[in-house]
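Engineer: Fold the following, please.
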Amino acid sequence: MSTRPRCALFLLCVVQSSERFAFFAMLPLFVLYLHHRHGFSEPTAMLLFGVFYALSYVGGLPAGILTDRKLGPLVALLIGCALLALGYGALALDASPLFWPALALMVIGHSFFKPSMGTLFGALFQSADIRRERGFFLQHLAVNIAAMAGPLCGEWSRAGDRWNRLFFWSAVATCVGTATLTVGARLLPLQSQRPVDAAIVTGSPQTDPARWSVVWWLCGLSVVFWLTAQQSGSSLVAFAESHTERSIVAFGRTVQIGPGHFGALHGLQVLLLLPLLMGGMSWLRRHKAEPSTLAKMTWGYVATAAAFVVLVFAGLHRGDTQRVSPIWLSGAYVLLSVAELLLSPLGMALITRIAPPKRTSQAVGLWFAAAAVGNASAGAIGLLWGRWPNHRYFALLAVVSLVAAVVLFTRLSLLERLINASRTNPSGGYR
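Structural biologist: Numbering: from 1, shown residues only. Take a look at the predicted model:
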C-alpha cells in the first residue's frame, strides 16, 4: 500500500475511533441513564435503547442508497459526523425538551456515518487482496481502542449522576472527528481502486444476482450477531449492576468496579486478542491451512453461543437472585470478544468485496439494516429481563447463536460457490 492510501487509512481510523469513543462512552450506561435520569423502568429502558439502536442502523439502507446515487460517501460521512456532534451536544445541555430531538439527530447521523465509512474503507483495497481483511481488522482495532477508553470516561463522567458530563465528552470527540475529516478529506479516494471488468460468469450476463445472494445470506444471519452484541448495552449491563459483585481484591487492595468497567474490559480483550488472531491466521495461511472467511464466521457464532452458556451457569450458580464473582461475566466477555472479531470485521470485509459495482453503500446499508432488526429484537427480548430467570434468558441467546452457526455451516459450500462465481467479475465496490 502506497503512502497516500496509508494516510487515508489512518485518517479513517481516527474518524472512526472518535465516533466510537463517543458512542461507547454512552453505550454501557444509556439504559441506566434512561432509568435514573428519565424515570423509565429497566425493561422499558432496554426496549427504548433497542429501538434507538435499531433506527440508527435501519436508516443506513436509505442513507446508503442516497449516498450511492447523489451524495457520494465523503459528503455523507461529513453529514453524519456533524449531526452526531449536534446530537451529543444537545444531550450535554441536559434539558428535557431536547431529549427526543437529540436522539433524532443521532439516529440520522449514524444512518449516514455507517454505510459511508464502510464504503470508504472498502475503496482502499483491491477486491481479492488479503489486505482487505487486514484493513478491516485495523478498523476494528481503532474501534476497540475507543471501546476501551470510552466506557472508562463514561463511568468517570457519570459520578454523582452528572449525566451531562458524559455527553459533553461525547460531543467533544465527535467534533474532533468532524474537524479531522474536514481537514484530511483530500486524502480519501473518490473511487474504488478496483478495475471495471465486463467479464461474465459461466454464461450469466452479470454477476449481480450471485453477489446479492451472498449479501442477503450474510445480512440475514448477521441479525443474530447484532442481537447478541447489543446485550453489552442491555442485559449484560443489568447483570453487572445487580447480579455481579461490585468489588475485587487486587494486590491487597479492594477495587470498586461498575458496569462501565466491564465495557472497557471488553474493548481491552478485543485489543489483546486481535494481534493473536491476525498472527494465527498468518501462520495458517503460510501453511495453506487457513479456513475460509465464512468458516471463520461460523466459529464466531459458536463462540457467541459459548459465551452465553457461561452466563447460564452463572445464573444457576446463584446469579439469578444474588451476586456472583466478576469472573463469570469477564469469561463471557472473552468469548464475545473472539466472536466479535470473527463476525464484525470479516463480515464487513466480505460485504464490501462482493458488493455489486456502484452499490457498495447500499450493500453496507443492508448490513446495518440487518443490525437494526437484530437490535430491535434485542429490545423486544429485553422485555423478558426480570420476568424470566437470568439463566433462562441467557439460554435463549445461546440457542439462537448456535442455530445461526448450524445454518451457516450447512450453507458453506453454496455460499462459497456464489463467492467464487462473483470473483470472475471483480468489479464490485464503490466507483
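Engineer: Neighbours of residue 414, how many?
Structural biologist: Neighbourhood size, residue 414 [other C-beta atoms under 10 Å]: 12. (Glycine included, C-beta is placed from N, CA and C.)
Engineer: Repeat that for the one 5 residues further on.
Structural biologist: Using other C-beta under 10 Å, residue 419 is surrounded by 19 other residues.
Engineer: That one and residue 214 touch, don't they?
Structural biologist: Yes - between residue 419 and residue 214 there is a contact under C-beta atoms under 8 Å: 5.8 Å.
Engineer: shared neighbours, the two?
Structural biologist: Taking C-beta atoms under 8 Å, 6 or more residues apart in numbering as the contact rule, residue 419 and residue 214 both touch 350, 354.
Engineer: Tell me where the stretch 151-300 of the chain has strands.
Structural biologist: 247-250, 253-256 (DSSP state E, counting those that start in this stretch).
Engineer: Mean pLDDT lowest where, among those strands?
Structural biologist: Ranked by mean pLDDT, the strands of the stretch 151-300 of the chain end with strand 247-250 in last place, scoring a mean of 69.
Engineer: ok, residue 295 - contacts?
Structural biologist: Residues near residue 295 by C-beta under 8 Å, 6+ apart: residue 412.
Engineer: And it, how far from residue 342?
Structural biologist: From residue 295 over to residue 342 the distance is 10 Å, taken as C-beta to C-beta, to the nearest Å.
Engineer: how about stretch 379-396: buried residues?
Structural biologist: 379, 381-382, 385, 388, 390-391, 393-395 (16 or more other C-beta atoms under 10 Å).
Engineer: Now render those residues as TSV, adding distance to residue 242, pLDDT and secondary structure.
Structural biologist: Shown next, in TSV, are the buried residues of stretch 379-396 (distance: C-beta to C-beta, whole Å; pLDDT from 0 to 100; DSSP: H, G, I helix; E, B strand; the rest coil):
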residue	distance to residue 242	pLDDT	secondary structure
379	19	76	helix
381	18	86	helix
382	14	82	helix
385	10	85	strand
388	14	91	strand
390	9	89	helix
391	15	91	helix
393	13	92	helix
394	14	93	helix
395	19	94	helix
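Engineer: which one of those sits closest to residue 279?
Structural biologist: residue 394 (31.5 Å; C-beta to C-beta).
Engineer: which residues touch the residue nearest to the closest one when sequence neighbours are not counted?
Structural biologist: Spatial nearest neighbour of residue 394, excluding adjacent residues (C-beta to C-beta, 6 or more residues apart in numbering): residue 311 at 4.1 Å. Contacts for residue 311 (C-beta under 8 Å, 6+ apart) come out as 239, 319, 328-329, 332, 390-391, 394.
Engineer: Same check on residue 331?
Structural biologist: residue 310.
Engineer: ok, now with 10 Å
Structural biologist: 306-307, 310-311, 313-314, 325 (C-beta atoms under 10 Å, 6 or more residues apart in numbering).
Engineer: Highest neighbour count among those residues?
Structural biologist: Highest neighbour count within the contacts of residue 331, by other C-beta under 10 Å: residue 311, with 29 neighbours.
Engineer: Can you tell me the element that residue falls in?
Structural biologist: helix 293-314 (DSSP states H and E).
Engineer: And the next helix or strand after that helix, what's buried?
Structural biologist: Proceeding C-terminally, helix 293-314 gives way to helix 326-354 as the next helix or strand, assigned by DSSP H and E. For helix 326-354, a neighbour-count test (16+ other C-beta under 10 Å) marks 326, 328-354 as buried.
Engineer: Report the distance from helix 326-354 to the chain centre.
Structural biologist: How far helix 326-354 lies from its chain's middle: 9 Å, per C-alpha atoms, centre = their mean, to the nearest Å.
Engineer: before we move on, what about stretch 76-93?
Structural biologist: 19 Å.
Engineer: do stretch 403-412 as well
Structural biologist: With C-alpha atoms, centre = their mean, you get 21 Å for stretch 403-412.
Engineer: coming back round to it: got the contacts of residue 331 as CSV, with distance to residue 256 and pLDDT columns?
Structural biologist: Shown next, in CSV, are those (distance: C-beta to C-beta, whole Å; pLDDT from 0 to 100):
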residue, distance to residue 256, pLDDT
306, 29, 96
307, 25, 94
310, 24, 94
311, 22, 92
313, 25, 92
314, 20, 89
325, 15, 85
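Engineer: any chance of those in a markdown table, plus distance to residue 375?
Structural biologist: Formatted as a markdown table, the contacts of residue 331 follow (distance: C-beta to C-beta, whole Å):
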| residue | distance to residue 375 |
| --- | --- |
| 306 | 22 |
| 307 | 18 |
| 310 | 23 |
| 311 | 19 |
| 313 | 26 |
| 314 | 24 |
| 325 | 29 |
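Engineer: coming back round to it: report the two members of the contacts of residue 311 separated by the largest distance.
Structural biologist: Pairwise over those, using C-beta to C-beta, the maximum falls at 329 and 391, 13.7 Å.
Engineer: Mutual contacts of the two, please.
Structural biologist: Joint contacts of residue 329 and residue 391 (C-beta under 10 Å, 6+ apart) are 311, 314, 319.
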